[in-house]
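>>> Pasted the sequence and its predicted model underneath.
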Amino acid sequence: MAARFDPSGPLRGTLRPPPDKSVSHRAALIAAMGEGETAIEGYLDSADTRSTLTAIEALGARVEGVDATGIEPVIRVRGVGLRGPAGADIDVGNAGTLLRLLPGWLAGQETGAWALDGDDSIRCRPVDRIAEPLRLMGARLRCRDGRLPPLRVEAAPLRGISYRLPVASAQVKSCLLFAGLLAAGETRLAEPLSSRDHTERMLVAAGAEVERQDGAVGVRPAVRLEPGEIVVPADFSSAAFFVVAALLVPGSDLTLAGVGLNPTRTGLLSILARMGAEIEVEGEGERGGEPSGRIRVRPSQLRAAEVGGAEIPLAIDELPLVALAACFAEGTTTIRDAAELRRKESDRVATASEALAALGGRVEPTEDGIRIEGGGGLRGGAVDSHGDHRIAMLGAVAGLTSRQGVEVEGMDAAAVSYPGFEADLASLLRGG
Ligand code: S3P
């Protein structure tokens, strides 16, 4: 499905973006691991997070408040308990987070076998990054060509390990934290750089012993989890598309409300601040261990920036938007240390560079990032999403800011994280 996005008038008004995808996946999985019923407020209705609900149902959890037409504001999950998932074949669809997190829970069971598979893009997403450390813990796993899905998991006794992740990855860390709950002894995980910590926060709220110490996170075996109630804030990564659009479209004045402001997610805001963006952030407190608040954006004159190091994992999903903003900034922006971007729903170093270059941006992929010569803005043209939701929405925002408009081929991919994206955009263009 193709859609056209023409140079637009201002984005104005107030919007609450959809619930957080990362937090929703974890909410469903941890509720399924829990004893009794967990209420989840604000579960995301998207293709990816529905895959997780279907998966936990296949494992024996009961989900109330979800049908084909929608997801209620509060859903209830009756868990199977930490040691209760039934053997099953799981279709993860396009959800890399489900593919990487779930095996950690399954690997440490006393009995059972599971197979995880998904769509064509999932079949290219490496799982050796979880399989190798899980094997060190004693897990029994098999994957295609030693590194790709389908992934087969057989129940096995696990032991705690001390492990240094080769790359900062919240998915790998979360998988091993789940495995650590079922292992004998403590598991300690050190990351080269900090990545998002939603799993740690939610496990602590559910009664698990998870502790951060000297740059590492430790987890002790658990008998039971009792999540009780989980609240999902609005997704910073979905808000980010409108943040950048409002920065670049003259006359905009946009407020995004209820947005998750976990500092391990908001790296984009510090990068944009360095580029000269004037963005106001107002905290609204913390619920369920996750801070949230309002973000007000008005257009600003941008300058180029060097982006790399510790801020990369904190902005990993927003780096294509940094590249888009950099097309409008004075000077040359370099994004480095971001080779992980090549291992997302698409190779985003390649797909984001290709998209922006096709629209007239002076954008070049590098081995571990993107180099953008700014100042020229974007002419417009056509973009292929390559089935990647974030590239589809990048194309849409590029269209609004371009001189001639952008045709996005494969816009339907947006439904993986943000099914209402086009409707929300239309409402902001009408003034909120
Ligand atoms: C995610 C972590 C990130 C991110 C992905 C979601 C998560 O991946 O890119 O969209 O929910 O844990 P990595 O942790 O593998 O970098």
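Okay, I see it. Numbering: from 1, shown residues only.
>>> Please count neighbours and contacts with C-alpha atoms only from this point.
Noted.
>>> ok, now which ones touch the residue nearest to residue 144 when sequence neighbours are not counted?
Computed as C-alpha to C-alpha, 6 or more residues apart in numbering, the closest residue to residue 144 that is not its neighbour in sequence is residue 150, at 6.2 Å. Residue 150 sits next to 115, 116, 117, 118, 123, 143, 144 when contact means C-alpha atoms under 8 Å, 6 or more residues apart in numbering.
>>> Then residue 398?
Contact analysis of residue 398 by C-alpha under 8 Å, 6+ apart lists 324, 356, 378, 380, 405, 406.
>>> Show me what residue of the stretch 301-432 of the chain gets nearest to the ligand.
Taking C-alpha to the nearest ligand atom, the ligand has its nearest neighbour within the stretch 301-432 of the chain at residue 317, 5.2 Å off.
>>> Narrow the contacts of residue 150 to those in strands?
Using DSSP state E, 115, 116, 117, 143, 144 are the members of these that sit in strands.
>>> In TSV, list those residues along with neighbour count, pLDDT and distance to residue 291.
Supplementary listing: these in TSV, determined by neighbours: other C-alpha atoms under 10 Å; pLDDT from 0 to 100; distance: C-alpha to C-alpha, whole Å:
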residue	neighbour count	pLDDT	distance to residue 291
115	19	98	36
116	22	98	33
117	19	98	34
143	18	96	37
144	14	96	40
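>>> Show me which residues of the chain sit near the ligand.
Where the chain comes near the ligand, counting by C-alpha under 6 Å from any ligand atom, the residues are 22, 97, 169, 170, 171, 316, 317.
>>> let's see 5 Å
Selection of the chain residues close to the ligand by C-alpha under 5 Å from any ligand atom yields 22, 169, 170, 171.
>>> Report the two of the residues you listed separated the most.
22 and 169 (12.7 Å; C-alpha to C-alpha).
>>> Among these two, which residue is more densely surrounded?
When residue 22 and residue 169 are compared on other C-alpha atoms under 10 Å, the one with more neighbours turns out to be residue 22, at 22 against 19.
>>> other SSEs contacting the helix or strand harbouring the more buried one?
Element membership of residue 22 [criterion: DSSP states H and E] is helix 21-33. Based on contacts counted as 3 or more C-alpha pairs under 8 Å, 6 or more residues apart in numbering; DSSP states H and E, the elements that helix 21-33 packs against are strand 37-41, helix 47-58, strand 70-78, helix 96-107, helix 198-205.
>>> Give me the phi and psi angles of the residue nearest to residue 144.
When read as degrees, to the nearest 10, the backbone of residue 150 gives phi -60, psi 150.
>>> Next: the one 3 residues further on.
For residue 153, the backbone dihedrals are phi -130, psi 130 (criterion: degrees, to the nearest 10).
>>> and it, what pLDDT?
Looking at residue 153, its pLDDT reads 98.
>>> Burial check on it, number of neighbours?
Using other C-alpha under 10 Å, residue 153 has 24 neighbouring residues.
>>> now, the most widely separated pair of the contacts of residue 398?
324 and 405 (14.5 Å).
>>> more neighbours, those two?
With neighbours defined as other C-alpha under 10 Å, residue 324 and residue 405 compare such that residue 324 has more, 28 against 24.
>>> Tell me the helices and strands packed up against the helix or strand encompassing that one.
Assigning secondary structure by DSSP H and E places residue 324 in helix 319-327. The helices and strands touching helix 319-327, judged by 3+ C-alpha pairs under 8 Å, 6+ apart, are helix 236-248, helix 267-274, strand 332-335, helix 348-358, strand 362-366, strand 369-373, helix 389-401.
>>> For those, please prepare TSV with the additional fields mean pLDDT.
Written out in TSV, the entries for the helices and strands packed on helix 319-327 read as follows (pLDDT from 0 to 100):
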stretch	mean pLDDT
helix 236-248	98
helix 267-274	98
strand 332-335	98
helix 348-358	98
strand 362-366	98
strand 369-373	98
helix 389-401	98
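>>> so which of the helices and strands packed on helix 21-33 comes closest to residue 423?
With C-alpha to C-alpha as the measure, strand 70-78 is the member of those nearest residue 423 (16.0 Å).
>>> Identify each buried residue in the closest one, please.
For strand 70-78, burial by neighbour count (16 or more other C-alpha atoms under 10 Å) applies to 71, 72, 74, 75, 76, 77, 78.
>>> Let me know the closest of the contacts of residue 150 to the ligand.
Set against the ligand, the nearest of the contacts of residue 150 by C-alpha to the nearest ligand atom is residue 123 (15.2 Å).
>>> List the residues that contact that closest one.
Listed by C-alpha under 8 Å, 6+ apart, the contact set of residue 123 reads 117, 148, 149, 150.
>>> same deal with residue 39?
Neighbours of residue 39 in contact, by C-alpha under 8 Å, 6+ apart: 74, 75, 76, 77, 228, 229, 230.
>>> what about the fifth one, neighbour count?
Neighbour count of residue 228, defined by other C-alpha under 10 Å: 16.
>>> Can you give me the distance of the residue nearest to it when sequence neighbours are not counted to the ligand?
The shortest distance from residue 228 to any residue other than its chain neighbours is 4.8 Å, reached at residue 38 (C-alpha to C-alpha, 6+ apart). Using C-alpha to the nearest ligand atom, to the nearest Å, one gets 20 Å for the distance from residue 38 to the ligand.
>>> and residue 38, how many neighbours?
Based on other C-alpha under 10 Å, the number of other residues close to residue 38 is 24.
>>> Confirm for me that it is in contact with residue 230.
Yes. Using C-alpha atoms under 8 Å, residue 38 makes contact with residue 230 at a distance of 7.4 Å.
>>> so residue 347 touches residue 339, yeah?
No. When contacts are counted by C-alpha under 8 Å, residue 347 is not listed as touching residue 339 (9.4 Å).
>>> Start and end of stretch 85-98, how far apart?
Distance between the boundary residues of stretch 85-98 (C-alpha to C-alpha, to the nearest Å) amounts to 15 Å.
>>> Run a quick neighbour tally on the closest residue to residue 126 other than its chain neighbours.
Excluding its sequence neighbours, the residue lying closest to residue 126 (C-alpha to C-alpha, 6+ apart) is residue 148, at 5.1 Å. Neighbours of residue 148 under the rule other C-alpha under 10 Å: 18.
>>> Identify the residues contacting residue 148.
Going by C-alpha under 8 Å, 6+ apart, residue 148 touches 123, 124, 125, 126, 127, 128.
>>> I'd like to know how far it sits from the ligand.
15 Å.
>>> Which strand residues bridge that residue?
Beta-bridge pairing of residue 148, defined through DSSP bridges, involves residue 144.
>>> In contact with the residue nearest to residue 240 when sequence neighbours are not counted, which residues?
The shortest distance from residue 240 to any residue other than its chain neighbours is 7.0 Å, reached at residue 318 (C-alpha to C-alpha, 6+ apart). In this structure, residue 318 makes contact with 237, 240, 268, judged by C-alpha under 8 Å, 6+ apart.
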